[in-house]
Structure formats: C-alpha cells, structure tokens
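1. just the structure for this:
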Amino acid sequence: MEDHQTALDYPLLGLINHCETLCEAACCGVDAFDFSPIHIASFLIKFTGQIESEDVNKILSQLQNLDLEAERLTSDGGTTCIEAMNQVLSGPALFTLSTTIKGSLARAVLLVADVQRSN
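-> A predicted model of the protein is given here:
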C-alpha cells in the first residue's frame, strides 16, 4: 500500500478554501469545511455575481478525477493526502468527499438560478 499526495487546482481548490468556515484545516482537517450549497453558491458568484458554467464544468471534471483516484485507492489500497485540507483519505473517504461536493454543487447551481429568476 502506498500513500499518495492529491494536488488540487483552481477552481476546485478555490471552492474548497472558500468552504473552510467551521475551523482551520490545520486544526480540524476535513471537519473544518462546510460544503453546504450556500457556501458553494457564494463561491460560484463571488467575482461576477453569476455562475460561470466553465467553472462548474471544470469543478465537475476535477471531481471526476478524484473519483478515479478513489477507485484506484479502493482497489489498490493506500491513502492520499489532500494538503489543502490537512487530511489523509482512504479511497471510500475520498469518494464520499467528492460525492458530497458534487451534490452540494448541483444544489448551489439551482439555488443561484432561483435567486436570479426572482430578481
């Protein structure tokens, strides 16, 4: 079993950093992050006030890569470290993280669309 480092790039890295709201990753690891749709929505509209579909597609692609890494870790064993989160994750834990972010991302997009329609 090998341990690996999983590097994150923008925009997923920016989203993860934006969701570090409950504590600091250096202290609490993954428990420092709140991946609720409202935090993800605020990240998505932070710069332009609107969601850029290119960013959403890039985040989904990056999450798909995490899923592939989770599958590999699950079959081969070992763990990966996500330094930005101060967290070592097994394959199933990495898949759970990715699934959580994907679900909240989908709800965040709908939330922003609802708000924009009502304005």
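2. and the closest residue to residue 94 other than its chain neighbours, helix, strand or coil?
-> Spatial nearest neighbour of residue 94, chain neighbours left out: residue 70 (4.1 Å); criterion: C-beta to C-beta, 6 or more residues apart in numbering. Where C-beta positions appear, they are placed from N, C-alpha and C, glycine not excepted. Look at residue 70: counting by DSSP: H, G, I helix; E, B strand; the rest coil, its state is helix.
3. ok, residue 70 - how many residues close by?
-> Neighbour count of residue 70, defined by other C-beta atoms under 10 Å: 23.
4. and the gap between it and residue 22?
-> Look at residue 70 and residue 22: by C-beta to C-beta, to the nearest Å, they are 23 Å apart.
5. in the protein, which spans are strands?
-> Taking DSSP state E to define them, one finds strands in the chain at 3-5, 79-82, 87-89.
6. where does this structure have low pLDDT?
-> 1-2 (pLDDT under 70).
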